[in-house]
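A.B. asks: Mind looking at a prediction? Sequence and model below.
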Amino acid sequence: MVNVANIPTDIWRIILPLACTDGGSTGKSLVLTSTFFYTEASPFRFYSLAFDTLARSESFLAFVRRQPGGFRPQITHLYISHSDYPDDRFRWSWRTVVKMTEAERARYRRTIQEEKVDWANRFRTAFDALIHLAAPNLCTLCVAEHCAPVVIRCFLPKLEELTWTGFTFLPGADVHSGPTSEPPARVDGRSNTLPTLKRIHVVLGKTRPISSAILRPLHVAADTLTHVRISNVDMTAMSMDLAGALVPSFYTDVFGQSPPASLFPPLALPALREVTIQNTSGGEFGVTAVASQPPTGVATVRTHNFGARDGGTGRIYLIEDRQRLDSHWRDRLKEEWLDRMDGGRGCWVQSAEEEGTRWKNIQSLPVWRRG
């Protein structure tokens, strides 16, 4: 049997990051294997971390605080999606609720509301701490959180890919302000807090109405963005407007006409190479919308070329699909986050088959892999 200690350390430093791309379980197991692996794997133990509950996030932060002075885990890939929100819909059956007195119902509703406020405050505290802890080395970040608004308030010098669903805002955004497409304010004295960001994926939903505010994050990394995807858009007209805002020549290139009045002002994204917009309204992409709800699990993808500003050819993918639950998106985003770490395409599909496969993979997930 080969003695692992005889393998050069430089080789282990190549192998271990490749092995620790599953959200933290491999790194944890390795450091518990032997003294050798404890020493070699410790720098990569937190290479990728996935937090599915607020309790796990708070437990991890408590662990970090207990470590000797100067300890800072090197987190390269981070996934945050807390499924332990105190949702009252599943606390009681309707049969139980109808038997309550009015006073009992009022007390019940007050208790639930207090729990939600407390949870949201704890979540924002934990979220801020995790982001600041990971900031120096973070390359990919996925935030699938639907219950509490959060703001990324720090400089992320290495972040290349950002995915979010729910109420997530980038530096300088005010979660209490109205819709706006103006560039966000400076943070820590920097106008560009995401200097290396190349890919953004935003998942909308019924509880997140479409407004020009969703384009605010794109201003932060306008000079470096190469890929943009906006999913779960439930209005065909808005999908077309978004395409026109991201690719100002869209209407001219595709339909040979000037763009109509739009909620979204055109953006200047000089490095943009690929745009994906997933429409879930049941209408078809086109000048006129046709009511055509696709069958379960079936999506259509239309591809159009556009002239990239560097003289090359960019592509815009218009996906027609049905709307999914927030919990379905949470599972899918986690799988795509893992896939991207291993060099896969993730959400950046180029055909109906690829889009359909993504949802089929979620349906076939074992229970322990789901959020």
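C.D. replies: Sure thing, it's come through.

A.B. asks: quick one, helices of this protein?
C.D. replies: For the chain, applying DSSP state H gives helices covering 9-19, 25-31, 35-41, 54-66, 94-98, 102-134, 216-220, 236-246, 250-255, 326-341, 352-363.

A.B. asks: Generate a markdown table for those, with mean neighbour count, mean pLDDT and distance to I230 as supplementary columns.
C.D. replies: For the C-beta atoms, the positions are set from N, CA and C on the backbone; glycine is no exception. Output for the helices of the chain, formatted as a markdown table (neighbours: other Cβ atoms under 10 Å; pLDDT from 0 to 100; distance: least, Cβ to Cβ, whole Å):
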| stretch | mean neighbour count | mean pLDDT | distance to I230 |
| --- | --- | --- | --- |
| helix 9-19 | 13 | 69 | 31 |
| helix 25-31 | 17 | 66 | 32 |
| helix 35-41 | 16 | 62 | 38 |
| helix 54-66 | 15 | 93 | 27 |
| helix 94-98 | 9 | 70 | 36 |
| helix 102-134 | 15 | 89 | 23 |
| helix 216-220 | 23 | 74 | 10 |
| helix 236-246 | 23 | 81 | 6 |
| helix 250-255 | 18 | 74 | 14 |
| helix 326-341 | 21 | 88 | 13 |
| helix 352-363 | 16 | 78 | 14 |
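
A.B. asks: possible to save the ones you listed as JSON lines with distance to R153?
C.D. replies: Shown next, in JSON lines, are those (distance: least, Cβ to Cβ, whole Å):
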{"stretch": "helix 9-19", "distance to R153": "28"}
{"stretch": "helix 25-31", "distance to R153": "27"}
{"stretch": "helix 35-41", "distance to R153": "32"}
{"stretch": "helix 54-66", "distance to R153": "17"}
{"stretch": "helix 94-98", "distance to R153": "40"}
{"stretch": "helix 102-134", "distance to R153": "7"}
{"stretch": "helix 216-220", "distance to R153": "12"}
{"stretch": "helix 236-246", "distance to R153": "26"}
{"stretch": "helix 250-255", "distance to R153": "33"}
{"stretch": "helix 326-341", "distance to R153": "22"}
{"stretch": "helix 352-363", "distance to R153": "32"}
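
A.B. asks: For P195, find the nearest of these.
C.D. replies: helix 216-220 (9.7 Å; Cβ to Cβ).

A.B. asks: same for that closest one, what does it pack against?
C.D. replies: strand 161-169, strand 199-203 (3 or more Cβ pairs under 8 Å, 6 or more residues apart in numbering; DSSP states H and E).

A.B. asks: what mean pLDDT would you report for the first one?
C.D. replies: What that stands for is strand 161-169. Strand 161-169 carries an average pLDDT of 78.

A.B. asks: can you check the last one too?
C.D. replies: With pLDDT averaged residue by residue, strand 199-203 scores 92.
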